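> Sequence first, then the predicted structure:
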2 protein chains.
Amino acid sequence: MDVHTLAQKLHDFEGVSRKAPIADIARMFDDVRESYGGTVVDMGDDAAIIDIGGDEVILFAADGIWGRITEASPWWTGYTSVVVNINDISAMGARPLAMVNVMSSSHKDVCDGMLQGMKDGVRKFGVPMVGGHLHPDTPYNSLSVSIIGIAKKDCVIRSDTACVGDTVIVGYDMEGRVGKNSPYSWDTTSFKDSETVRSRFMIMQKIGEKHLVTAGKDISNPGTIGTLGMLCETSMVGAEVDLGQIPKPADVALDQWLMIYPATGYIVTAKPENVDECLNAFEEVGITAAVIGKIDDSCRVKVTDGENSADVFDFSKDLITGIKE
Amino acid sequence: MDVHTLAQKLHDFEGVSRKAPIADIARMFDDVRESYGGTVVDMGDDAAIIDIGGDEVILFAADGIWGRITEASPWWTGYTSVVVNINDISAMGARPLAMVNVMSSSHKDVCDGMLQGMKDGVRKFGVPMVGGHLHPDTPYNSLSVSIIGIAKKDCVIRSDTACVGDTVIVGYDMEGRVGKNSPYSWDTTSFKDSETVRSRFMIMQKIGEKHLVTAGKDISNPGTIGTLGMLCETSMVGAEVDLGQIPKPADVALDQWLMIYPATGYIVTAKPENVDECLNAFEEVGITAAVIGKIDDSCRVKVTDGENSADVFDFSKDLITGIKE
């Protein structure tokens, strides 16, 4: 696939385009946001940052899962709801504290499956589910989970703080497999022991505490380039990515890999002097990390194969979330 | 309506019986709960209590709204999602910090209505909505909101700590009206100024800080007697309630009133020496409060009209939530 075709495919990817309505929601709360001086509110990040006084902040996020996946695999729905919520917190350098859920289904077997999935996630990641609300009589299945975490105020990794000249690094847990339920899911946790999983998903906390990065974000539904796009959009910068530098499993095509939600995968930006230590920190816990590009002032996200390059996003006309700081 | 008929009606009320599956969920997490020494987990309360070290604890709760109400009034869905979540926190004596939501609808007008309702709730109560997740393509409408709050560890009001001999007090904001969408809803906030609303919903924080009560709970879907039932069940005590002492709007029948979700309504239990100060605290902010009964060791919740009495719940055979400490 040539670079222009790939760039267009990544631009049009549903995982990216579904993010668009977020801007409308963020704007709805614009005027009421201003009245809360004590709260660091950041709709561009996966979790909001709540100032509770003192050195520490509380992070707070929510994610929901619905539709075919809940029927195809209630267990996976429950399990993945835990994974995505923990990623929202841990990717920002915080320690997850607890989750709560709102579950809807009129089928007992679906409820049982979702609960078992959540329970297995709780065991694997060591983050408790402390409350739940069940709608036992809905004509649909859905699961919403929210999570809180805690971090030192000056160690939080945000996505709106990348600077021109920073190096772009990607880190993936390559010991995974394409999920049964979607070609764009990559399971890195369900078959691994708890200790390995916990050390990998908590790596961003170490990186935050050592101040090794200027910005970061976990790679989620928009995939690797889409997630970098969101980071650049909220940071109001651009980036160029060398496709040849992106670590990739041998048996997965590049276009598919770039649209995968890698479960344990991060985009970070670092000052050149911190790049080596950052790469080492990832590698120490078994995450494959590589320098894949550079932040620039173009307000475009470009991909290159060394010979040709093409824009995936041009923020003079494209909106991903539409959120700009 | 005679006491026995009323007792049976309150026992069978759907607002009570829908609580039953909670016990199953709580039990699912029993064995994983034990591994988290630092977390005070309490499924009997509306919010879980999270120990973050130091003098303060974080409270964390979730509530979901779905179904007919979302079509009948998207605005009310959004607004009431804020009200119920704030009650979960404020009724436990904590200060609400922030909310996040997961919203599902494929209808733009429904989304806009729910958002506007949330926004108006945010303005009214002064608690920010700091994050959101939208499913713009679901074949149903639903809204899940979760909330966090903060309190001094020794000021939290729990529902599992009522003691034999305590006085039962009820407090209602009587300046309300039956909601348009249900005979069992009572709107006490949408038409009032923000200052009045905030002073009333934050009264439990004052009561907690002064240590005036032994236990408490906001009156929610199970209504006044159902909520007292939940409090007695988790505290493993009984209670007798004198129906004639319950404050009631003149134009609402007693059976309807006892099944209403009063929006700003609390059941608390107090040592006899603190009863007067507790009643005064409620009255000072415009909440009508009265002594309605006494906690005993019967493990039954009884109502009496002065001549006859009847059991509403007998915990030797009835389960409301099934949660016992």
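Now that the structure is in, tell me what you want to look at. Numbers count the residues shown, from 1 in each chain, chains lettered A, B, ... in the order given.
> Tell me the strands beside the strand or helix carrying A:Val303, with direction?
For A:Val303, the element it lies in under DSSP states H and E is strand A:300-304. Sheet partners assigned to strand A:300-304 using DSSP bridges are listed as strand A:238-242 (parallel), strand A:309-314 (antiparallel).
> any idea of the mean pLDDT for the helix or strand that contains A:Ile148?
Per DSSP H and E: A:Ile148 is located in strand A:142-152. Averaging pLDDT along strand A:142-152 yields 93.
> How about stretch A:127-139?
The pLDDT scores in stretch A:127-139 average 82.
> Mind jotting down where the helices sit in chain A?
Taking DSSP state H as the test, the helices found in chain A are A:3-12, A:14-17, A:22-28, A:30-33, A:68-72, A:74-90, A:108-125, A:194-201, A:203-209, A:223-235, A:254-259, A:275-284.
> Need those in CSV (columns: mean neighbour count).
To be clear about C-beta, it is placed using only N, CA and C from the backbone, and glycine gets the same treatment. Below are the helices of chain A laid out as CSV (neighbours: other Cβ atoms under 10 Å in any protein chain shown):
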stretch, mean neighbour count
helix A:3-12, 17
helix A:14-17, 16
helix A:22-28, 19
helix A:30-33, 14
helix A:68-72, 16
helix A:74-90, 26
helix A:108-125, 20
helix A:194-201, 18
helix A:203-209, 22
helix A:223-235, 26
helix A:254-259, 18
helix A:275-284, 17
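> Quick one: closest of those helices to B:Val16.
helix A:108-125 (20.1 Å; Cβ to Cβ).
> quick one: that closest one to helix A:74-90, angle?
40 degrees (axes from the mean of the first three to the mean of the last three Cα atoms, to 10 degrees).
> Put the alpha carbons of helix A:108-125 into PDB.
Extracted in PDB, the C-alpha atoms of helix A:108-125 (Å, rounded to 0.1, in the frame of the first residue of the first chain):
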ATOM      1  CA  LYS A 108     -28.900 -13.300  33.300                       C
ATOM      2  CA  ASP A 109     -26.200 -15.000  31.300                       C
ATOM      3  CA  VAL A 110     -25.100 -11.700  29.800                       C
ATOM      4  CA  CYS A 111     -24.900 -10.100  33.300                       C
ATOM      5  CA  ASP A 112     -23.100 -13.100  34.700                       C
ATOM      6  CA  GLY A 113     -20.600 -13.000  31.800                       C
ATOM      7  CA  MET A 114     -19.900  -9.300  32.200                       C
ATOM      8  CA  LEU A 115     -19.500  -9.600  35.900                       C
ATOM      9  CA  GLN A 116     -17.100 -12.500  35.500                       C
ATOM     10  CA  GLY A 117     -15.100 -10.500  33.000                       C
ATOM     11  CA  MET A 118     -14.900  -7.500  35.400                       C
ATOM     12  CA  LYS A 119     -14.000  -9.800  38.200                       C
ATOM     13  CA  ASP A 120     -11.200 -11.400  36.200                       C
ATOM     14  CA  GLY A 121     -10.000  -7.900  35.200                       C
ATOM     15  CA  VAL A 122     -10.100  -6.800  38.900                       C
ATOM     16  CA  ARG A 123      -7.900  -9.900  39.800                       C
ATOM     17  CA  LYS A 124      -5.500  -9.400  37.000                       C
ATOM     18  CA  PHE A 125      -4.900  -5.700  37.500                       C
END
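> tell me the contacts of A:Gly15?
Neighbour list for A:Gly15: A:Tyr184, A:Asn221, A:Pro222, A:Gly223, A:Gly226, A:Met259, A:Tyr261 [criterion: Cβ atoms under 8 Å, 6 or more residues apart in numbering or on different chains].
> Can you verify my assumption that A:Ser220 contacts A:Thr227?
Yes. With contact defined as Cβ atoms under 8 Å, A:Ser220 reaches A:Thr227; the gap is 6.2 Å.
> among the helices of chain A, where is the model least confident on average?
Across the helices of chain A, helix A:30-33 gives the lowest mean pLDDT, at a mean of 50.
> From chain B, how far out is A:Asp314?
24 Å (Cβ to the nearest Cβ, to the nearest Å).
> Domain parsing of chain A, as residue ranges.
A:1-16+A:157-312, A:45-150 (the TED database).
> how about these in CSV, adding distance to B:Gln116?
Below are those laid out as CSV (distance: least, Cβ to Cβ, whole Å):
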stretch, distance to B:Gln116
domain A:1-16+A:157-312, 25
domain A:45-150, 19
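> picking up where we left off before, just how off-centre is the strand holding A:Val303 within its chain?
20 Å (Cα atoms, centre = their mean, to the nearest Å).
> Could you check how sure the model is about that strand, as an average pLDDT?
Taken as a whole, strand A:300-304 has a mean pLDDT of 97.
> now the angle between helix A:3-12 and it, please.
Going by the same axes, to 10 degrees, strand A:300-304 makes 140 degrees with helix A:3-12.
> In PDB, please show the C-alpha coordinates belonging to strand A:300-304.
Output of strand A:300-304 as PDB, limited to C-alpha atoms (Å, rounded to 0.1, in the frame of the first residue of the first chain):
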ATOM      1  CA  ARG A 300      -0.200  18.400  10.400                       C
ATOM      2  CA  VAL A 301       0.400  14.700  11.100                       C
ATOM      3  CA  LYS A 302       2.400  13.200   8.300                       C
ATOM      4  CA  VAL A 303       3.600   9.700   7.600                       C
ATOM      5  CA  THR A 304       6.700   8.900   5.400                       C
END
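> Just want the angle from that strand to helix A:223-235.
150 degrees.
> So in terms of bridging, what pairs with the spatially most central residue of chain A?
What sits nearest the mean C-alpha location of chain A, by Cα atoms, centre = their mean, is A:Asp218, with 3.0 Å. A:Asp218 has these beta-bridge partners by DSSP bridges: A:Tyr266.
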